[in-house]
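*Asks:* quick one, what's the 3D model for this:
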Amino acid sequence: ERFVPDWLAGDGSRLYRTGDVGRWLPDGTIEFVGRNDFQVKVRGYRIELGEIEARLLELPAVREAVVVARDDRLDAYYVPAVDDATAAALRDALDEVLPSYMVPSAFVALESLPLTPNGKVDRDKLPVPDGGAVVVRGYRAPVGVVEEVLAGIWSDLLNVERVGRDDDFFELGGHSLLAVSLVERMRQAGLSCDVRAVFTTPTVAGLAAAVAAGGGGEVPVPPNAIPADTDVITPEMLPLVELTEEQIAKVVASVSGGAGNVQDIYPLAPLQEGIFFHHLLGGEGDAYLLSSVSVVPSREWIGQFADALQMVVDRHDILRTSVVWEGLPRPVQVVWRDVDAPVEEVALDGDGDAVAQLLSRFDPRRYRLDLNRAPLLRVVTAYDEPNDRWLLLVLMHHLVGDHTTMDVLQQEIGALLIGRGDALPEPVPYRNVVAQAVLGTTQQEHEEFFTGLLGDVDEPTAPFGILDVRGDGTGIAEARVEVDAALAGAVREQARRAGVSSASVCHLAWSLVLSRLTGRSDVVFGTVVFGRMQAGAGGERGLGLFINTLPVRVDVGGRGVLDAVRDTHGLL
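*Replies:* Numbers count the residues shown, from 1 in each chain. Below you'll find the model as predicted:
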C-alpha cells in the first residue's frame, strides 16, 4: 500500500516513487522502509529514518509517527492511539526490534503532526523535545565524588554523552579490552579496584561500592631488595620467592658476572610454568619458540636496528631474563642487570629460496634456545644474494612475550630508529604481574575453584572423538574465515542487550559447536585469557607473558540462551 498505482499498466500493479527505499524479503515481496532523502548518519551509523517510523507504526499504541535527526541524536514524534503510550514504553518496544543506535533518544507525543499545504509532514515545525521527552533507561544521576568520576571516565571511554549510576558498562558498549583501559584510568584517578568488579558489578553505583569497600584491589608489590652493588644475595632480599642460601648460590652461578649481575629473582607466572613444562618435555625442538623473517633496507640499517634493540633490552627486565630450575624446589626466573642482545650474521647457499633456508636452519622443531642464558631472544641476519636483499630473522621464546609484547617491542624499536626514544613511557617491571599471581589468590583458593568446576569431569570433550593429539605440529593445518562487519555488529548488539561482553557470546557459541561435534551437553575446553587486566599499573603496555590458558566448562543442555550467556560471562 506504500507504492503508487501503475496508471500505465492499469492492472492494479504499483510503482516506486523516485527515492523510495525497499527491502526485498526472502519470500519475494518488497517491504517499504523509507525514503533515501531521509537517510541520515548519526554517531557513525547510516540510518534510514523511515525504517524506524515503520517500526513505530507497527505498535498498537501509535497512530502516526515521524522521526528526525537532530544534533547527533534521533527524535521521534508520534500521535498516540491509546492513552498509555508513554515514551518509556515506546522505547522498550523499539529496543526489542531495533539495534540500539536506531532507538530514538526522545519521544514527543503530539495531538497531530504539523502538515504542509500539500499534506506532507512539515518537519521544520516539529517542536524541540523538552527534558521530559528524553528517555534514558532508569537514569539516575551519579551520587558522590567517586560515582561522578566514574561516570566521567565511562562517558569519555565509551563515547556516551550522559552516564547514570545504574547504567551497565556492557550495555553501553564496553568489552574486555575496554575494561583494561577503564581500570587503568581509574587507577590514574586514584580509584583502586580489581577488574573483576567491572564484570560482577558493571554499573557505576556497583563499581563505586567496590572501590569504597576496598576489596579486590591490586596486590601491593614489595620492592626489589637486591642492592645494585651487592656481592652476596640472601633469602631476605627475595620477597617473591623462598630460597635457601645454597639454592640462591646455584641460581647466581648460572649468571655471567655472578651476584653483581643479578637484578632480581622470582617465580614463573602461571602460563610460564606450563610453557616451561612443555619445553622440558619437548626433546629436540621447542614448540614455543616464535620466529619471523623480514626484508630490511640495508646492512647499515641492521646495525641501527641492533643498537635500538639493545636499548629496548636495557629498558625491559623481561628481555634480560633467564630460567633456572636444576636443584631448586621450583623453577625461577632471573633478571640480569646487563646482557648483550645477540645479532648474528649467517651465510646462505646461493641456490634455493633464501627465506626458506633461514627458517629451516632455525626451525623450532629442531632448534631451541638455552633457557639458562639471557636474553631469550636472538636476531639473525643473512644476505639473499640472488635477490640482492638483506633478511632479518627474529627468534623470541614465548616465555618472555605474547602478541602485545611483540607489538610494543616493534613500537619502541621504531621510536628509537627515528630518534623519539625520549618519548617512550617508563618501563613496567615484569615482577609486578608475578607479584599479583604469587601474592594475590592463594593456591588453596585456586584448587578449590577448579575442583568445584572440574572435579566430576571424567572424560575429555573430544571433537569427532579425536584423542591422540600429541605431536610436533607438523600435521596441523590452519584455516580462517573472516567475519563480515554485519555479523560482527550483530554479535556486539546481542552482547549489549544481554549486558555481557561479546567474548562471552563467542564462548557460548563455541560451546554449542563442541556440543554438536561431541554429542555432549556439558563441554570443557581451553580458552586464552588476556592476563593484563590483573597485572597492575601499566599492565596494558608492559612487556612479558601476560596471557594465560585456562579450562572453561559450559552446560548448554538445561538453560535458556540468555541465562547461559550470562552464566558464561560470570564464569569468565
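*Asks:* quick one: least confident helix or strand in the protein?
*Replies:* One helix or strand of the chain scores below all others by mean pLDDT, DSSP states H and E: strand 39-42, with a mean of 68.
*Asks:* so for I302, what's the pLDDT?
*Replies:* Looking at I302, its pLDDT is 92.
*Asks:* pull out the buried positions in stretch 482-497.
*Replies:* Residues of stretch 482-497 classed as buried: V491, R492, E493, Q494, A495, R496 (neighbour count, 16 or more other CB atoms under 10 Å). C-beta here means a position set from N, CA and C on the backbone, and glycine is covered the same way.
*Asks:* next one: phi and psi at the fourth one?
*Replies:* I take that to be Q494. Dihedral angles of Q494 (phi, psi; degrees, to the nearest 10) stand at phi -60, psi -40.
*Asks:* report the contact partners of it.
*Replies:* Contacts for Q494 (CB atoms under 8 Å, 6 or more residues apart in numbering) come out as V505.
*Asks:* how does it look with 10 Å?
*Replies:* Contact analysis of Q494 by CB atoms under 10 Å, 6 or more residues apart in numbering lists P99, V500, S502, V505, V561, L562, V565.
*Asks:* quick check: buried residues in stretch 40-59?
*Replies:* Buried residues in stretch 40-59 (16+ other CB under 10 Å): V42, I47, E48, L49, G50, E51, I52, E53, A54, R55, L56, L59.
*Asks:* which positions in stretch 66-73 come out as buried?
*Replies:* By neighbour count on 16+ other CB under 10 Å, the buried set for stretch 66-73 is V66, V67, V68, A69.
*Asks:* same check on stretch 361-381?
*Replies:* Of all the residues in stretch 361-381, those buried under the rule 16+ other CB under 10 Å are 362, 364, 367-369, 371, 374-381.
*Asks:* how far does it stretch from start to finish?
*Replies:* 12 Å (CA to CA, to the nearest Å).
*Asks:* what's the offset of it from the middle of its chain?
*Replies:* In terms of CA atoms, centre = their mean, to the nearest Å, the centre of stretch 361-381 is found 30 Å from the chain centre.
*Asks:* just stretch 511-518 next, same as before
*Replies:* Using CA atoms, centre = their mean, the offset of stretch 511-518 from its chain centre is 24 Å.
*Asks:* what about that stretch, average pLDDT?
*Replies:* 94.
*Asks:* from A354, how far out is P104?
*Replies:* P104 sits at a distance of 61 Å from A354 (criterion: CB to CB, to the nearest Å).
*Asks:* what do you get for L59?
*Replies:* To A354, L59 is 68 Å away according to CB to CB.
*Asks:* picking that back up, looking at P104 and A354, which one has more neighbours?
*Replies:* Using other CB atoms under 10 Å as the criterion, P104 and A354 rank with P104 on top: 28 against 22.
*Asks:* pretty sure that one is in a helix, no?
*Replies:* No - under DSSP: H, G, I helix; E, B strand; the rest coil, P104 sits outside any helix and is assigned coil.
*Asks:* which ones are touching it?
*Replies:* Each residue near P104 by CB under 10 Å, 6+ apart is listed here: 49, 52, 56, 65, 67-69, 73-78, 87, 90-91, 94, 98, 129, 133-135.
*Asks:* reformat the buried residues of stretch 361-381 as a markdown table; add distance to L328 and secondary structure.
*Replies:* Formatted as a markdown table, the buried residues of stretch 361-381 follow (distance: CB to CB, whole Å; DSSP: H, G, I helix; E, B strand; the rest coil):
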| residue | distance to L328 | secondary structure |
| --- | --- | --- |
| F362 | 29 | coil |
| P364 | 26 | coil |
| Y367 | 26 | coil |
| R368 | 21 | coil |
| L369 | 20 | coil |
| L371 | 13 | coil |
| A374 | 17 | coil |
| P375 | 21 | coil |
| L376 | 18 | coil |
| L377 | 24 | strand |
| R378 | 25 | strand |
| V379 | 30 | strand |
| V380 | 31 | strand |
| T381 | 36 | strand |
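*Asks:* for these, which one is nearest S256?
*Replies:* S256 lies nearest to A374 out of these, by CB to CB, at 8.9 Å.
*Asks:* check what pLDDT the closest residue to that closest one other than its chain neighbours gets.
*Replies:* Excluding the flanking residues, the one nearest A374 by CB to CB, 6 or more residues apart in numbering is S322, at 4.2 Å. pLDDT, S322: 96.
*Asks:* how about the buried residues of stretch 66-73 in JSON lines, adding pLDDT and distance to V296?
*Replies:* Listed next are the buried residues of stretch 66-73 as JSON lines, based on pLDDT from 0 to 100; distance: CB to CB, whole Å:
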{"residue": "V66", "pLDDT": "93", "distance to V296": "61"}
{"residue": "V67", "pLDDT": "92", "distance to V296": "56"}
{"residue": "V68", "pLDDT": "89", "distance to V296": "56"}
{"residue": "A69", "pLDDT": "84", "distance to V296": "51"}
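*Asks:* among those, name the ones in strands.
*Replies:* Judged by DSSP state E, the buried residues of stretch 66-73 include V66, V67, V68, A69 as members of strands.
*Asks:* which non-adjacent residue is nearest the last one?
*Replies:* It stands for A69. That would be V40: by CB to CB, 6+ apart, it lies 4.1 Å from A69.
*Asks:* was I right about the one you found contacting I47?
*Replies:* Yes - under the criterion of CB atoms under 10 Å, V40 makes contact with I47 at 5.5 Å.
*Asks:* mutual contacts of the two, please.
*Replies:* Residues within reach of V40 and of I47 at once, by CB under 10 Å, 6+ apart, are V67, A69, L74.
*Asks:* closest to L110 out of those?
*Replies:* Using CB to CB, V67 comes nearest to L110 of these, at 13.0 Å.
*Asks:* any idea how far the closest one is from L150?
*Replies:* As judged by CB to CB, V67 and L150 stand 32 Å apart.
*Asks:* what's the answer for V296, then?
*Replies:* According to CB to CB, V296 stands 47 Å off from L150.
*Asks:* neighbour count winner among those two?
*Replies:* Set side by side, V296 and L150 give different neighbour counts by other CB under 10 Å, the larger being at L150 (28 against 15).
*Asks:* how about the contacts made by that one?
*Replies:* Contacts of L150 (CB under 10 Å, 6+ apart): 142, 144, 163, 165, 169, 182, 185-186, 189, 191, 193, 203-208, 211.
*Asks:* and for the closest residue to it other than its chain neighbours, the neighbour number?
*Replies:* Ranked by CB to CB, 6+ apart and with sequence neighbours excluded, the top spatial neighbour of L150 is V204, at 5.0 Å. Per other CB under 10 Å, the neighbour tally for V204 reads 26.
*Asks:* just the pLDDT for V204.
*Replies:* Listed pLDDT for V204 reads 89.
*Asks:* likewise E218?
*Replies:* For E218, the model assigns a pLDDT of 62.
*Asks:* what's the answer for the one 3 residues further on, then?
*Replies:* On pLDDT, V221 comes in at 84.
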